[in-house]
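K.L.:
Dropping a prediction and its sequence here:
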Amino acid sequence: MATRYEQVAFDLSTLISRGVLRAGDRIPSVRKACEQYHVNAGTIMQAYGQLEARGLIDARPKSGFYVRAKDAWAPEPATTCPKRGTTGVDVASLVFEVLESIRHREIVPFGSAFPSPELFPLNKLNKAAAAAARHLPTWSSVTDFTPGNAELRRLIGLRYLESGIAIAADDIVITAGAMEAINLSLLAVTKPGDTIAIESPTFYSTLMAIERMQLRAVEIATDPREGIDLGNFRAALDRYDIKACLMIPTFQNPLGSCMPDEKKRELIAQCTRRGIPFIEDDVYAELYFGARPRPAKAFDREGLVLHCGSFAKCLAPGSRVGWVAPGRFKNAVERLKFMTTLSTASLPQVAIAEYLKHGGYDRHLRALRHHLSVQLHEMRTALTVHFPIECRITRPEGGYVLWIELPQGVDALRLHRMALGHNISIAPGPIFSVQRRYTNFIRLNYGHPWSDRMDRAIQTLGTLAKELVNEAH
């Protein structure tokens, strides 16, 4: 549940994004905001500090806080427009080429798919693991068999309850990370040759799972702020024999988009009317900067949503502990888990359960969100200064990735290879599309603490991008 200062920040950021509060407008004074929200001055200052860190407002000495001029922000990319038709997927070789470059510590990790390990409470997790190991029951290897550790599933169920969703521990299956949850879900609801609906662009691991299972994909137009275009989605459902959907409604990777509640409700309603299973990849759900978004699962009344989560992006990146709440497909997913990997390792499950009970998880999440929002502001500022003026940049309200549209004629794959020559990794747009589109787009990760090294890397990338712009002209 959002804290009071997060709710205040969310309310004001919504008014700014919708144009109710415009550039140059003075936002309520601290005293007036205290009266309006019935909170103390410290709470309001926390909220205003968060908005300032995100680049939405500026403080003016002896005057107050004002909405930041929008001319300081690059415009956003337009809604995507993928080609019609179902497509076989063949992206693995390209993805592996790109991923090979981000394993080395000397590389600036803008192309990474994870936040920095420095942002996680690794010492506390190690202590929790040590305590768990000392008290690990002899029979845990049996009792923690599929569907996983009962206490961890109970605690995950409590997290669902905070989102207004009643999911019992017995309705959850622990997996080896979110990717196993997604793979098991796909296996449970599709067979080779089936067609599934995905966002365009979408995370490359999704594409690789589809490729491995020999599925076909229909790419759905997606807005960089509010997620998939429901009209385009409805048209695809009418046109193609879609057997399942696999999407990231909350802080989508690579766009960072977050579907509003009303759009999530309609999205699930459309699937429900046709009896189509919906696999929800929700691994970024805890990384919000305002109020906590509700998952699409919250609007599922028929058990058609298979909700996949993980601790890798918000707590324990090396643990490979995820889960799925598969709804009506629980028996199928549990059997598939048993037939493929039997169970997830006991110790990481018990260690995370120990931390969730005693480690200050919500306090850690508040600090993590603050760090990410500050780093987002730093990267956007650097991009505004150093990148070609024609660039379009997304404005995420959570997660840790930015999607950048470079000027026409700039080859993202070529920029990727040039950047590697300067020890900088990026994620080029074509790895996020079954049709290898987005040739002039890149995804950058702002999930690493900002430093002079990061700023210099953005400056170098901007110089390289400008060179490619000049060549194109």
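P.N.:
In hand now; what should we look at? Numbering: from 1, shown residues only.

K.L.:
going forward, measure contacts and count neighbours with C-alpha atoms only.
P.N.:
Fine.

K.L.:
Any idea how far the longest helix along the chain is from the middle of the chain?
P.N.:
With secondary structure taken from DSSP state H, the chain has its longest helix at helix 361-386. Offset of helix 361-386 from its chain centre (CA atoms, centre = their mean, to the nearest Å): 14 Å.

K.L.:
and that helix, what does it pack onto?
P.N.:
Judged by 3 or more CA pairs under 8 Å, 6 or more residues apart in numbering; DSSP states H and E, helix 361-386 is in contact with helix 41-53, helix 452-472.

K.L.:
give me the element residue 348 is part of.
P.N.:
Per DSSP states H and E, residue 348 falls inside helix 346-358.

K.L.:
and that helix, what does it pack onto?
P.N.:
Contact here means 3+ CA pairs under 8 Å, 6+ apart; on that basis helix 346-358 packs against helix 122-134, helix 150-162.

K.L.:
Can you give me the domain boundaries for this protein?
P.N.:
Listed domain ranges for the chain are 4-71, 87-118+363-472, 122-358 (source: automatic domain parsing).

K.L.:
Do me a favour and get the end-to-end distance for stretch 380-395?
P.N.:
Terminal residues of stretch 380-395 lie 9 Å apart, using CA to CA, to the nearest Å.

K.L.:
now do stretch 293-312
P.N.:
Using CA to CA, the distance between the terminal residues of stretch 293-312 is 19 Å.

K.L.:
in that stretch, what's buried?
P.N.:
By 16 or more other CA atoms under 10 Å, the buried positions in stretch 293-312 come out as 293-300, 303-312.

K.L.:
what's the answer for stretch 368-386, then?
P.N.:
368-384, 386.

K.L.:
do the same with stretch 390-398
P.N.:
In stretch 390-398, counting by 16+ other CA under 10 Å, buried: 391-398.

K.L.:
Check stretch 56-75 too.
P.N.:
Neighbour counts over stretch 56-75 (16+ other CA under 10 Å) mark 56-58, 65-68, 73-74 as buried.

K.L.:
May I see the residues you listed organised as CSV, with distance to residue 260, secondary structure and pLDDT added?
P.N.:
Below are the buried residues of stretch 56-75 laid out as CSV (distance: CA to CA, whole Å; DSSP: H, G, I helix; E, B strand; the rest coil; pLDDT from 0 to 100):
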residue, distance to residue 260, secondary structure, pLDDT
56, 20, coil, 82
57, 23, strand, 87
58, 27, strand, 83
65, 27, strand, 90
66, 26, strand, 89
67, 23, strand, 89
68, 24, coil, 80
73, 23, coil, 64
74, 23, coil, 78
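
K.L.:
Most widely separated two among those residues?
P.N.:
Greatest spacing in these, by CA to CA: 65 and 74 (21.7 Å).

K.L.:
where in the stretch 51-200 of the chain is pLDDT low?
P.N.:
Applying pLDDT under 70 to the stretch 51-200 of the chain flags the ranges 70-73, 90, 101-103, 137-144.

K.L.:
Do a quick rundown of the strands in it.
P.N.:
57-60, 64-67, 87-88, 108-109, 173-175, 195-200 (DSSP state E, counting those that start in this stretch).

K.L.:
Between these, which one is closest to residue 413.
P.N.:
Proximity to residue 413 (CA to CA) singles out strand 108-109 among the strands of the stretch 51-200 of the chain, at 16.2 Å.

K.L.:
can the buried residues of stretch 56-75 go into TSV with extra columns for distance to residue 243?
P.N.:
TSV is the format used below for the buried residues of stretch 56-75 (distance: CA to CA, whole Å):
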residue	distance to residue 243
56	42
57	45
58	49
65	51
66	49
67	46
68	46
73	40
74	39
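
K.L.:
Of those, which is the nearest to residue 204?
P.N.:
Within the buried residues of stretch 56-75, proximity to residue 204 (CA to CA) peaks at residue 74, which comes in at 25.8 Å.

K.L.:
Tell me how far residue 313 lies from residue 322.
P.N.:
Residue 313 is 10 Å from residue 322, where distance means CA to CA.

K.L.:
nope, residue 252 is what I was after
P.N.:
Computed as CA to CA, the residue 252 to residue 322 distance reads 18 Å.

K.L.:
For the two, indicate the residue with more neighbours.
P.N.:
Counted by other CA atoms under 10 Å, residue 252 and residue 322 do not tie: residue 252 has more neighbours, with 31 against 23.

K.L.:
quick one, what contacts that one?
P.N.:
Applying CA atoms under 8 Å, 6 or more residues apart in numbering to residue 252 gives the contacts 202, 227, 258, 284.

K.L.:
My assumption is that it lies in a strand; please confirm.
P.N.:
No. According to DSSP: H, G, I helix; E, B strand; the rest coil, residue 252 belongs to no strand; its state is coil.

K.L.:
Count the neighbours of the residue lying closest to residue 364 once chain neighbours are set aside for me.
P.N.:
Closest residue to residue 364 apart from its sequence neighbours, by CA to CA, 6 or more residues apart in numbering: residue 121 at 7.3 Å. Per other CA under 10 Å, the neighbour tally for residue 121 reads 17.

K.L.:
thought residue 121 was touching residue 317?
P.N.:
No. With contact defined as CA atoms under 8 Å, residue 121 does not count as touching residue 317 (10.5 Å).

K.L.:
Let me know the secondary structure of residue 419.
P.N.:
Under three-state DSSP, residue 419 comes out as helix.

K.L.:
Let's see the pLDDT reported for it.
P.N.:
Note for residue 419: predicted pLDDT of 95.

K.L.:
Tell me who's in contact with it.
P.N.:
Residue 419 neighbours (CA under 8 Å, 6+ apart): 425-426, 461, 464.

K.L.:
Quickly note the distance from residue 243 to residue 301.
P.N.:
Residue 243 is 19 Å from residue 301, where distance means CA to CA.

K.L.:
scratch that, residue 35
P.N.:
39 Å.

K.L.:
repeat for residue 53
P.N.:
39 Å.

K.L.:
and what of residue 308?
P.N.:
Residue 308 is 17 Å from residue 301, by CA to CA.

K.L.:
what does the helix or strand containing residue 34 contact?
P.N.:
Element membership for residue 34 (DSSP H and E) is helix 30-37. Helix 30-37 is touched from outside by 8, 40-41, 44-45, with contacts defined as CA under 8 Å, 6+ apart.

K.L.:
Now do that helix against helix 41-53, angle only.
P.N.:
Helix 30-37 and helix 41-53 are oriented at 110 degrees to each other (axes from the mean of the first three to the mean of the last three CA atoms, to 10 degrees).

K.L.:
Return helix 30-37 as CSV; C-alpha atoms alone will do.
P.N.:
Extracted C-alpha coordinates of helix 30-37, given in CSV (Å, rounded to 0.1, in the frame of the first residue of the first chain):
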residue,chain,number,x,y,z
VAL,A,30,3.5,23.2,1.9
ARG,A,31,1.1,24.6,4.4
LYS,A,32,-1.9,24.4,2.0
ALA,A,33,-1.0,20.9,1.0
CYS,A,34,-0.8,19.9,4.7
GLU,A,35,-4.3,21.1,5.1
GLN,A,36,-5.6,19.5,1.9
TYR,A,37,-4.1,16.1,2.6
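
K.L.:
Many thanks, have a good one.
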